[in-house]
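In: A structural model of the following input is requested.
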Amino acid sequence: MKKMLFVYNPRSGKGLIKNHLSAILETFAAADYEVTVYPTRQGKDACTAVAERAAQYDMIVCSGGDGTLDEVVTGMMGSGVRRTIGYIPAGSTNDFGSSLGIPKQMEQAADLIVSGTPFACDIGRFNDDYFVYVAAFGFLTDVSYQTNQELKNVLGHTAYLIEGMKRVGSWKSYFMKIESEEFCDEGEFMYGMISNSNSVGGFKMLTGKNVELNDGLFEVMLIRTPQNLVDWQQVIGAVIMQDETSKNVVRFKTKRLTITSNEPVAWTQDGENGGKHTYVEMENLPQALDVMTESVAQPVPDRALDQ
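Out: Down below sits the predicted model:
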């Protein structure tokens, strides 16, 4: 029988995975998988479990929010083997699942895992770490991981808004030097987002135009610190309209960039705490992650599982 490691976060979303667990496992068993179930108990638990066990399994499936998926992918990358990932979204936002068209209904997502087609998508390297679809700094980027899990379970997206309101008036800007083949500059920036997704924070198309998840390129958006009300209005308009000519909102695509700052800057990776850094090097790893999606997605090229 094929072997599957099923890692799930019992606290993600509203903990609804518990109501669907039996049906999910029956779906996997019916597809001739011998399933090992691993519920996470604390932060980084999924990363450690996958790093230690990935080589023992044919497929790794995770259920939870984007943070749980981030841990699973990071663990697999650290294991030195490549395995197809199945994803059952169970968080409050699930940007990555939305970008890939993975059903929000858990039983449907489980069916897709055993009947779909692997899709090879890009992921990002962040210094010595990895992120699946977004790394960001600046205002409100800490809202996701600083919002109480119980509050998120009860209120959903409203919990993020409540936490975000606490930060109004306390936004900072940072003097940074941005370097890539496509863009080099330095100055005061209040927000930056390096992404490979059609959705971030539950907002569609915020990341830019013509987003492709397997083109080897990040979509980058940097917001310069507004100096006056006119600048603020221009920033808002440029973000909403995806204006690529704005002087205050910089957008470009790149496969690699570095960001240097005069002081430590807090980053998030896939909505989780990414630590504080004065130097960040990000590199797009083209088609490094195989995820089960609908059969209309681009199939994985013919190659060995281990690399």
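In: A46 falls within a helix, correct?
Out: Yes. A46 forms part of a helix when assessed by DSSP: H, G, I helix; E, B strand; the rest coil.
In: What is the burial count for it?
Out: A46 has 28 neighbouring residues, counting by other Cβ atoms under 10 Å. Where you see a C-beta, it was placed from the backbone N, CA and C, and this is true even at glycine.
In: same check, this time on V211
Out: 17.
In: who are the neighbours in contact with it?
Out: Contact partners of V211, counting by Cβ atoms under 8 Å, 6 or more residues apart in numbering, are 196-198, 219.
In: Specify which member of these is nearest to I88.
Out: S197 (18.0 Å; Cβ to Cβ).
In: Confirm R251 sits in a strand?
Out: Yes. According to three-state DSSP, R251 belongs to a strand.
In: Please shift the residue numbers so they start at 5 in all later answers.
Out: OK, 5 is where the count begins now, so the last one is R255.
In: Quick check: the gap between it and S119.
Out: R255 is 37 Å from S119, where distance means Cβ to Cβ, to the nearest Å.
In: Which strand residues bridge K181?
Out: When bridges are called by DSSP bridges, K181 pairs up with E190, T264.
In: burial of it, as a residue count?
Out: 14.
In: what's the answer for N131, then?
Out: 14.
In: one step back: more neighbours, R255 and S119?
Out: Taking neighbours as other Cβ under 10 Å, R255 and S119 compare with R255 leading, 20 against 12.
In: what about that one, distance to S177?
Out: 19 Å.
In: Next: Q112.
Out: Taken as Cβ to Cβ, the span from Q112 to S177 is 44 Å.
In: between these two, who's got more neighbours?
Out: Shown here are Q112 and S177; by other Cβ under 10 Å, S177 has more neighbours (16 against 13).
In: correct me, but the more buried one touches L226?
Out: No. Contact criterion Cβ atoms under 8 Å: S177 and L226 do not qualify, at 11.6 Å.
In: Common neighbours of those two, please.
Out: F193.
In: List the contacts of the spatially closest residue to F135 that is not a sequence neighbour.
Out: Closest residue to F135 apart from its sequence neighbours, by Cβ to Cβ, 6 or more residues apart in numbering: Q273 at 4.0 Å. When contacts are counted by Cβ under 8 Å, 6+ apart, Q273 touches 74, 130, 133-135, 138-139.
In: from these, which two are the most distant?
Out: Farthest apart among these by Cβ to Cβ are D133 and V138. That separation is 13.4 Å.
In: Tell me where the protein has helices.
Out: 21-34, 49-57, 70-83, 99-103, 110-119, 147-150, 153-159, 161-169, 233-245 (DSSP state H).
In: Remind me what whichever strand in the chain runs longest packs against, helices and strands.
Out: Taking DSSP state E as the criterion, the chain has its longest strand at strand 276-297. For strand 276-297, the elements it packs on are helix 70-83, strand 88-93, helix 110-119, strand 121-130, strand 133-135, strand 138-142, helix 147-150, strand 260-273, judged by 3 or more Cβ pairs under 8 Å, 6 or more residues apart in numbering; DSSP states H and E.
In: if I look at the residue nearest to F135, how far off is I240?
Out: With Cβ to Cβ as the criterion, Q273 and I240 are 26 Å apart.
In: Show me what I89 is bridged to.
Out: Beta-bridge partners, per DSSP bridges, of I89: I64, V295.
In: just Y37 next, same as before
Out: Beta-bridge partners, per DSSP bridges, of Y37: K6.
In: With R255 instead?
Out: M225.
In: Could you pull up phi and psi at N202?
Out: With angles defined as degrees, to the nearest 10, N202 sits at phi -90, psi -10.
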